[in-house]
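Participant: Everything below, folded, please.
(one chain, ligands or ions: 1)
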Amino acid sequence: MSQPVAIVTGAGSGIGLAVATHLVSKNYRVVIADLNPTTGEAAASSLGPSATFIQSDVSSYNSQARLFKQAYEWGGNRLDFFHANAGVDDRQMLYDPAEKVEVDEEGLVKPLNTKTMQVNLEAVIQGLWLFKYYVSQSKEAGGGKGKFVATSSAAGLYAMTQNPQYTASKYGIVGLVRAAGPVLVKENITVNAICPAFIPTNLPPPEILAAWPKEHITPMSTAIKAIDAFLDDDTMTGQTVELSQENIYFRKQLDYVNESQRWVGEDSQSIWNAGYAKVPEKKGY
Ligand SMILES: NC(=O)c1ccc[n+]([C@@H]2O[C@H](COP(=O)([O-])OP(=O)(O)OC[C@H]3O[C@@H](n4cnc5c(N)ncnc54)[C@H](O)[C@@H]3O)[C@@H](O)[C@H]2O)c1
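Facilitator: Numbers count the residues shown, from 1 in each chain. Here you go, the predicted structure:
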């Protein structure tokens, strides 16, 4: 039987590189996907023949779709694990004062740069869409079961006022995982997320890294602990795992405020299912 195959996005650096390295040690063949060809190539060559680099900008659907096709073919027509990990902080500040806001020739306010949402959330949803397809095409080569992990953040459970888009994107991942996880496990795909606190990587500006107190650092080994929890259990799905210091915490959704909300959240499923079953093919908007 062929080896299992993984794609890790943003694997040229930081958490992605650590997870890719771990997966190689677990007998995976790993595609290092990153926007940056210098770090991406270096990461792949440091891991030897079990890894390869494919340059990809996950914020472009076509680029990510090409990544999946190439990775699947490189892996011998199988794909087993996808870590949607690439992420960026806010590219333009929502709080910018009026003097910094640009207006076009028509007098319309130019849109806020929402690259963060495209990389951190839209690409993750499209990545799950693509992964689901390729897992279903992997049976002949010995696959057919998939594990999807996304990198959310502690900012997806609390809030990071300095980066409002980043916070929104990371909350989005938590919602995606909680909604899709229990459904897709029936198609042999588990869907989980890690929510790291502060892990020293190339993401924050160097001044922040230098000023950060050691006692509030979460080591990379804690991220690997969570990945191992997902790897070791084929039924674990819909989980958002908070990483803080040496520990991993399985975080539940908020408690229902009353019995009615519990009914709406849980017991109303048959009404929703019957209603959506009758909705014709989605309208064109
Ligand atoms: N480091 C932390 O403290 C921390 C905490 C919580 C969440 N996270 C999340 O962890 C993930 C990994 O970040 P990291 O800390 O390892 O940072 P990092 O900057 O070291 O790595 C991120 C990688 O993503 C790549 N990347 C950026 N945009 C891309 C795109 N459009 N397409 C493909 N690759 C792209 C970068 O080139 C880089 O190699 C991110 O989603 C980040 O939001 C990090």
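Participant: Surely A20 is in contact with I32?
Facilitator: Yes. Under the criterion of CB atoms under 8 Å, A20 makes contact with I32 at 5.7 Å. For glycine as for every other residue, the C-beta is placed from the backbone atoms N, C-alpha and C.
Participant: Pull up the overlap in contacts between the two.
Facilitator: The contact sets of A20 and I32 overlap at 8, 11, 43, 47, 51 (CB atoms under 8 Å, 6 or more residues apart in numbering).
Participant: now the strands: where do they sit in this structure?
Facilitator: 5-9, 29-34, 51-55, 81-84, 146-151, 189-196, 240-244, 247-251 (DSSP state E).
Participant: Format the CA atom coordinates belonging to stretch 189-203 as CSV.
Facilitator: The C-alpha trace of stretch 189-203 is given here as CSV (Å, rounded to 0.1, in the frame of the first residue of the first chain):
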residue,chain,number,x,y,z
ILE,A,189,-13.5,13.2,6.7
THR,A,190,-12.7,14.6,10.2
VAL,A,191,-12.7,18.4,10.5
ASN,A,192,-10.9,20.0,13.4
ALA,A,193,-9.0,23.2,14.3
ILE,A,194,-6.2,24.3,16.5
CYS,A,195,-6.4,27.6,18.3
PRO,A,196,-2.8,28.5,19.4
ALA,A,197,-1.9,31.2,21.9
PHE,A,198,1.5,32.9,21.3
ILE,A,199,4.0,30.6,19.5
PRO,A,200,7.2,32.4,18.4
THR,A,201,7.2,32.4,14.6
ASN,A,202,7.7,34.8,11.7
LEU,A,203,4.1,36.0,12.0
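Participant: how about that stretch: buried residues?
Facilitator: By 16 or more other CB atoms under 10 Å, the buried positions in stretch 189-203 come out as 189-199, 201, 203.
Participant: Over to stretch 64-83?
Facilitator: Within stretch 64-83, the residues that count as buried by 16+ other CB under 10 Å are 64-65, 67-68, 70-72, 75, 77-83.
Participant: which residues touch V241?
Facilitator: Contact partners of V241, counting by CB under 8 Å, 6+ apart, are 192-195, 226, 229, 248-251.
Participant: what's the most distant pair in the shared contacts of A20 and I32?
Facilitator: The span of these, defined through CB to CB, is set by V8 and L47 at 10.7 Å.
Participant: who's more crowded, those two?
Facilitator: V8 (31 against 21; other CB atoms under 10 Å).
Participant: Surely that one and V30 touch.
Facilitator: Yes. The pair V8 and V30 passes the contact test of CB under 8 Å, sitting 6.3 Å apart.
Participant: Now the common contact residues for those two.
Facilitator: Shared contacts of V8 and V30, defined by CB under 8 Å, 6+ apart, comprise 20, 23.
Participant: one step back: of the buried residues of stretch 189-203, list those near the ligand.
Facilitator: 196, 198-199, 201, 203 (CB under 6 Å from any ligand atom).
Participant: where's G12 relative to R66, distance?
Facilitator: 17 Å (CB to CB, to the nearest Å).
Participant: need the contact list for V101.
Facilitator: 109-110.
Participant: change it to 6 Å
Facilitator: Counting by CB atoms under 6 Å, 6 or more residues apart in numbering, V101 touches V109.
Participant: Over to T52?
Facilitator: T52 makes contact with 31, 44, 74, according to CB under 6 Å, 6+ apart.
Participant: from the chain's centre, how far out does the longest helix seen in the chain sit?
Facilitator: Ranked by residue count under DSSP state H, the longest helix found in the chain is helix 164-184. How far helix 164-184 lies from its chain's middle: 9 Å, per CA atoms, centre = their mean, to the nearest Å.
Participant: Kindly calculate the angle that that helix makes with strand 247-251.
Facilitator: Interaxial angle of helix 164-184 relative to strand 247-251 (axes from the mean of the first three to the mean of the last three CA atoms, to 10 degrees): 70 degrees.
Participant: which intervals of this protein have sub-threshold pLDDT?
Facilitator: Scanning the chain with the threshold set as pLDDT under 70 gives 1, 279-285.
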